[in-house]
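Colleague: give me a 3D structure for the following:
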Amino acid sequence: MSQATGFDYAPKGKPQPVVKPGEFVFASAFMDHGHIYGQTNGLLEAGGLCKWAWDPDPGRLASFLEKYPETKPARSFDEILDDPTVHLVTSAAIPNRRCEIGLQVLDAAKDYLTDKSPFTTLKQLEQAKRKVKKTGKKYAVCYSERLQSEAGWHAGELIRQGAIGEVLQVLIMAPHRLSKSARPGWFFDKESYGGILTDIGSHQFEQFLTYCGAKDARIEFARVANRANPDKPGLEDFGEALLTTDTGASCYCRVDWFTPDGNPVWGDGRTFVLGTTGTIEVRKYIDIAQPGNPGQRIYLIDAKKVEVIECQGKIGYPFFGKLILDVIHRTENAMTQAHAFKAAELSMKAQGIADAARD
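Modeller: Here you go, the predicted structure:
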């Protein structure tokens, strides 16, 4: 698992168990995207037990079992769904299949944690809303650009504590490495991945809501394009969107597949937050001004000081422990269902606006 490529980027945090061994049982299934490893790592670090693994591709399943030899291979997905000891199923399927898998999981009286984006259509979102209401189960989403970024998570905590006052604007730049030759066919099929704003853009919309303390937003502008990959007409390699949240803050993101080959990491992701009494810059994966620095660094400026906050290896990924406790106690401390769904909804609406402008 290399930091140089995004498709197999599986960060490891520090172990922060919230349950006793064997108290929380989960399964990992549908491993089309390498993010399944990061999701599995996060649950294991929080004290979970990965009892089962399953994928229709024997090669992918074998690779997973080599990484997690204590996990048993299921004979079918139904074997996981039929096991009453399993609390939660985590999955990183092809994006347009994530909803149908989640509905099966909820129908089996289990909670679900999917890779982003959780949907590729608004119709799928409505299906999931109805299923959540009917079953009372969780349809959780791993928006990893915040949830598995120590600096990204800590920035949210600082903002919530009032470190920079009221948030006025959030600006996010989210370049990714294309690694074209290593990508599966579905990656270039827009019906499969939903478009660049639906896909990697969903990370940014989740951060907008979190950092602004917002529950909704209005899409002001959205654009997508294929600028440099005419051999892959289904690929959108550039996207941008502008929003106004219900708190009055403005938000802009740029998402793209143009990480230069000279960059040692898959993307120089940065977030800038302007507040009424200070500013925050988050450097997630690298700080190019400091050779050898892995990133996970926050620059905080307020009325009294300029502070550099090193987060690498200090924060961990609290989301996973909070999610496990939410599953056990039926609470919503990791992320509310409304928040998870709203981030996806806004990203798909922005995609729709961009698609209409492009047609």
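Colleague: every contact and neighbour count from this point should use C-alpha atoms.
Modeller: Will do.
Colleague: where does pLDDT dip in the stretch 101-250 of the chain?
Modeller: Within the stretch 101-250 of the chain, no range satisfies pLDDT under 70.
Colleague: would you state the helices of it in chain order?
Modeller: 122-135, 144-147, 150-160, 190-193, 201-212 (DSSP state H, counting those that start in this stretch).
Colleague: looking at those, which is closest to Lys20?
Modeller: Evaluated over those, closeness to Lys20 peaks at helix 144-147, with 22.8 Å, by CA to CA.
Colleague: please enumerate residues in contact with the closest one?
Modeller: Lys116, Gly152, Trp153, His203, Gln204, Gln207, Tyr317, Pro318, Phe319 (CA atoms under 8 Å, 6 or more residues apart in numbering).
Colleague: a markdown table for the helices of the stretch 101-250 of the chain, including distance to Asp231 and mean neighbour count?
Modeller: Shown next, in a markdown table, are the helices of the stretch 101-250 of the chain (distance: least, CA to CA, whole Å; neighbours: other CA atoms under 10 Å):
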| stretch | distance to Asp231 | mean neighbour count |
| --- | --- | --- |
| helix 122-135 | 29 | 15 |
| helix 144-147 | 29 | 22 |
| helix 150-160 | 35 | 22 |
| helix 190-193 | 14 | 17 |
| helix 201-212 | 23 | 25 |
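Colleague: for Gln290, which of the ones you listed is the nearest?
Modeller: helix 150-160 (16.1 Å).
Colleague: which secondary structure elements does that closest one contact?
Modeller: helix 144-147, helix 201-212, strand 279-283, strand 297-301 (3 or more CA pairs under 8 Å, 6 or more residues apart in numbering; DSSP states H and E).
Colleague: now render the ones you listed as JSON lines, adding distance to Ile159.
Modeller: JSON lines is the format used below for the helices and strands packed on helix 150-160 (distance: least, CA to CA, whole Å):
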{"stretch": "helix 144-147", "distance to Ile159": "14"}
{"stretch": "helix 201-212", "distance to Ile159": "7"}
{"stretch": "strand 279-283", "distance to Ile159": "9"}
{"stretch": "strand 297-301", "distance to Ile159": "10"}
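Colleague: all strands in the protein, in order from the N-terminus.
Modeller: Assigned by DSSP state E, the strands in the chain fall at 25-29, 49-54, 72-73, 88-91, 111-115, 139-142, 167-175, 217-225, 238-245, 250-256, 270-275, 279-283, 297-301, 306-310.
Colleague: what's across from Phe221 in the sheet?
Modeller: Counting by DSSP bridges, Phe221 is bridged to Leu242.
Colleague: how many neighbours does it have?
Modeller: When neighbours are counted by other CA atoms under 10 Å, Phe221 registers 15.
Colleague: for Thr277, see how far away the residue positioned nearest the centre of the chain is.
Modeller: With distances taken as CA atoms, centre = their mean, the residue of the chain nearest its centroid is Tyr143 (1.8 Å). Distance of Tyr143 to Thr277, computed by CA to CA, to the nearest Å: 28 Å.
Colleague: how about Arg130?
Modeller: For Arg130 relative to Thr277 (CA to CA), the value is 42 Å.
Colleague: kindly report the same for Lys322.
Modeller: To Thr277, Lys322 is 30 Å away according to CA to CA.
Colleague: list the residues that contact the residue lying closest to Ser117 once chain neighbours are set aside.
Modeller: The shortest distance from Ser117 to any non-neighbouring residue, by CA to CA, 6 or more residues apart in numbering, is to Asp199 (5.2 Å). If you count contacts by CA under 8 Å, 6+ apart, Asp199 has them with Lys116, Ser117, Thr120, Tyr193, Ser347.
Colleague: just Ala93 next, same as before
Modeller: Residues in contact with Ala93 (CA under 8 Å, 6+ apart) are Ala29, Phe30, Met31, Asp32, His33, Asp115.
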